[in-house]
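Asker: sequence first, then the predicted structure, then my questions.
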Amino acid sequence: MKKFATLLLCFGAMLSLHAQDKPLYEEPWRPQYHFTPARNWMNDPNGLVYLDSTYHLFYQHNPFANQWGHMSWGHAVSNDLVHWKHLPVAIPEQQDYRIFSGSAVVDVNNTTGFRKGEGPPPMVAVFTAHQEGKNQSQSLAYSLDKGETWTVYDKNPVLDLGKRDFRDPKVSWYEPGGYWLMTVSQPIEKQISFFRSPDLKSWTHLSEFGPEGDTTGIWECPDLFRAPIEGQPGKYKWVIMQSPSPYMQYFIGEFDGTRFKSENKGRILRPDYGPDYYAAVTYNDLPSGMAPVSIGWVNNWRYAGDIPVKPWKSAMSMPRSLSVRQTKKGWVLISQPVYALKELELEKMVDRKDVGIFPFGMPQAGGSWHLTVEWSVGDSDRAQIRLAKGRVHETVVGYDAVRKEVFLDRSKADDFANSEYRKMGKWSIPMELEKGQLKLDIWYDQGIVEVYVNDGQAVLTAQVFPDEQDQELRIGSQRSRSPIRDLVFVPLRSAWK
Ligand code: FRU
């Protein structure tokens with residue numbers, strides 16, 4: 001009888017587990033067109049590299065739990081940066097160190113000598129070997145089958161300064177000099193160090209950049225890349241993008257093969273002005289002529305482990321195509337979602353010109369959509385979109401013409417009780433509009449909000465955790481002085497089904 005009762009209990013437990021656990025990619029707040037691991041923890045994107053029509057995405061991953069730990073490189077591939085296929089863990093944690101962030105390159109000329117006979121060029125990952133509380137050094141792993149299987153280099157580390165904090169190497173081929181260039185972080189000193197190498201194995205120090213700009217948090221995940229100047233084909237500027245915890249900043253300037261010089265003129269510039277964008281880096285080895293593409297981690301270390309989602313934790317941003325623009329105030333980075341995302345768009349539900357000043361309301365039609373609103377914002381008005389709105393919840397995005405700023409307010413978005421998250425409700429960026437012209441592109445995905453202002457002049461990314469019933473969308477302005485010129489609402493289909 002006792003046995004039977006136990007059996008019954010087990011069966012009951014199984015049933016109730018089953019009832020709670022929704023199928024993968026159908027759980028509450030599961031993004032439908034942002035990348036998430038099927039299960040378990042994820043942080044920084046790592047080793048973004050393109051080879052033979054395939055975009056590789058490696059990422060900081062705990063294969064065993066939905067919390068940070070056992071750091072390893074998870075792996076996924078895509079042909080369009082939108083539909084991803086999960087692959088087995090590429091580089092698992094080792095006996096005496098964890099696999100922290102880093103990058104990957106295609107060693108076309110076999111400078112490493114990792115390829116012995118015929119076959120595709122080695123794909124080489126350069127990562128930080130992390131020994132808790134003791135040492136961080138730069139190490140290699142390589143793949144001779146285009147990223148499918150990996151071998152950890154038996155003569156690691158390749159760059160060790162004997163420091164506790166020295167991490168996140170971004171390596172790429174520096175064509176003008178004909179050498180590998182490493183951009184790596186000295187987090188405590190708030191500096192970025194540059195090194196060069198002929199073979200990825202022996203490294204020579206070049207210079208340091210920083211501290212400069214935002215020096216409030218430790219510096220992590222640096223990247224140095226060349227971005228095209230808008231409207232000037234064949235012309236480029238050098239960009240450093242890095243993460244002064246828990247946000248990001250960028251510098252635009254020149255790099256001469258040894259040293260980077262910023263032209264920010266004392267301004268602090270951010271690739272994203274929202275709370276949830278970190279550790280973004282760009283792809284290596286993209287086809288020539290393609291603009292740099294970055295991916296960032298949509299989360300914030302202040303509350304990352306506590307967000308109420310399972311069985312995965314954290315998403316990646318939409319891949320963003322980058323360029324630079326010269327403005328009256330100086331250089332700015334322009335970010336646009338990669339075009340392939342458009343292919344997920346279903347039929348437009350609203351497509352209206354000259355809507356006027358009337359407030360506009362509609363159901364959100366599920367949780368994944370793209371809304372474009374073009375406004376002529378009137379004097380001292382506040383033009384705003386209230387989304388994921390229910391009886392008590394709402395997230396508000398808009399432009400305040402009195403304060404002259406674009407804002408995102410998630411302070412009433414949800415009931416997520418984390419105290420750090422609750423402190424981080426309101427976000428804004430000062431912005432002067434030309435003749436009141438404002439264009440907001442809001443990409444919403446089951447609680448991830450990415451707002452692109454005036455075609456990518458600024459971006460704000462935030463995550464919110466509304467209830468299932470919080471489904472209303474309202475567009476209008478406080479003083480009815482802001483006519484809407486164009487309004488397009490289009491639901492998106494899932495990239496996972
Ligand atoms: C940034 C970071 C990196 C480190 C990794 C560890 O988010 O702290 O500096 O390599 O995460 O997971």
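Answerer: That came in fine, so what should we check first?

Asker: in the stretch 151-300 of the chain, which residue sits closest to the ligand?
Answerer: Glu220 (3.7 Å; CB to the nearest ligand atom). For the C-beta atoms, the positions are set from N, CA and C on the backbone; glycine is no exception.

Asker: that residue sits in which helix or strand?
Answerer: In the assignment (DSSP states H and E), Glu220 maps to strand 219-228.

Asker: adjacent strands (with direction) for that strand?
Answerer: Neighbouring strands of strand 219-228 in its sheet, by DSSP bridges, are strand 236-244 (antiparallel).

Asker: flag every buried residue along the partner strand.
Answerer: Of the residues in strand 236-244, Lys237, Trp238, Val239, Ile240, Met241, Gln242, Ser243, Pro244 count as buried by neighbour count, 16 or more other CB atoms under 10 Å.

Asker: out of these, who's nearest Pro308?
Answerer: Among those, Ser243 lies closest to Pro308 (CB to CB), at 24.2 Å.

Asker: just to revisit the earlier point, pull the strand holding Glu220 out as CSV, backbone CA atoms only.
Answerer: Taking Å, rounded to 0.1, in the frame of the first residue of the first chain, the C-alpha atoms of strand 219-228 are listed here in CSV:
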residue,chain,number,x,y,z
TRP,A,219,36.0,48.0,-17.8
GLU,A,220,35.0,44.8,-19.6
CYS,A,221,34.6,43.4,-23.1
PRO,A,222,36.5,45.8,-25.4
ASP,A,223,36.2,45.8,-29.2
LEU,A,224,38.0,47.8,-31.8
PHE,A,225,36.6,47.9,-35.4
ARG,A,226,36.4,50.0,-38.5
ALA,A,227,33.0,51.4,-39.3
PRO,A,228,31.9,53.0,-42.6
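
Asker: enumerate the residues of the stretch 201-350 of the chain near the ligand.
Answerer: Glu220, Cys221, Ala279 (CB under 6 Å from any ligand atom).

Asker: picking up where we left off before, now the strand holding Glu220: mean pLDDT?
Answerer: For strand 219-228, mean pLDDT is 98.

Asker: mind listing what's buried in that strand?
Answerer: Applying a neighbour-count criterion of 16+ other CB under 10 Å, one finds Trp219, Glu220, Cys221, Pro222, Asp223, Leu224, Phe225, Ala227, Pro228 buried in strand 219-228.

Asker: stretch 78-92 too?
Answerer: Quick answer for stretch 78-92 (16+ other CB under 10 Å): Ser78, Leu81, Val82, His83, Trp84, Leu87, Val89, Ala90, Ile91, Pro92.

Asker: surely the last one touches Arg98?
Answerer: Meaning Pro92. No: checked against CB atoms under 8 Å, the pair Pro92 and Arg98 is beyond contact range at 9.7 Å.

Asker: joint contacts of these two?
Answerer: Taking CB atoms under 8 Å, 6 or more residues apart in numbering as the criterion, Pro92 and Arg98 both touch Ser72.

Asker: quick one: Ser139 is in a strand?
Answerer: Yes: Ser139 forms part of a strand when assessed by DSSP: H, G, I helix; E, B strand; the rest coil.

Asker: who does it bridge with?
Answerer: Note on Ser139: beta-bridge partners by DSSP bridges are Phe127.

Asker: what distance do you get for it to Lys146?
Answerer: Distance of Ser139 to Lys146, computed by CB to CB, to the nearest Å: 21 Å.

Asker: neighbour-wise, which of these two wins?
Answerer: Each of Ser139 and Lys146 has its neighbours counted (other CB atoms under 10 Å); Ser139 has more, 26 against 17.

Asker: by mean pLDDT, point me to the weakest helix or strand of this structure.
Answerer: Across the helices and strands of the chain, mean pLDDT, DSSP states H and E gives its lowest value to helix 2-20, namely a mean of 46.

Asker: the next helix or strand after that one vs strand 236-244, what angle?
Answerer: Per DSSP H and E, the first helix or strand lying C-terminal to helix 2-20 is strand 40-51. Counting by axes from the mean of the first three to the mean of the last three CA atoms, to 10 degrees, strand 40-51 lies at 160 degrees to strand 236-244.
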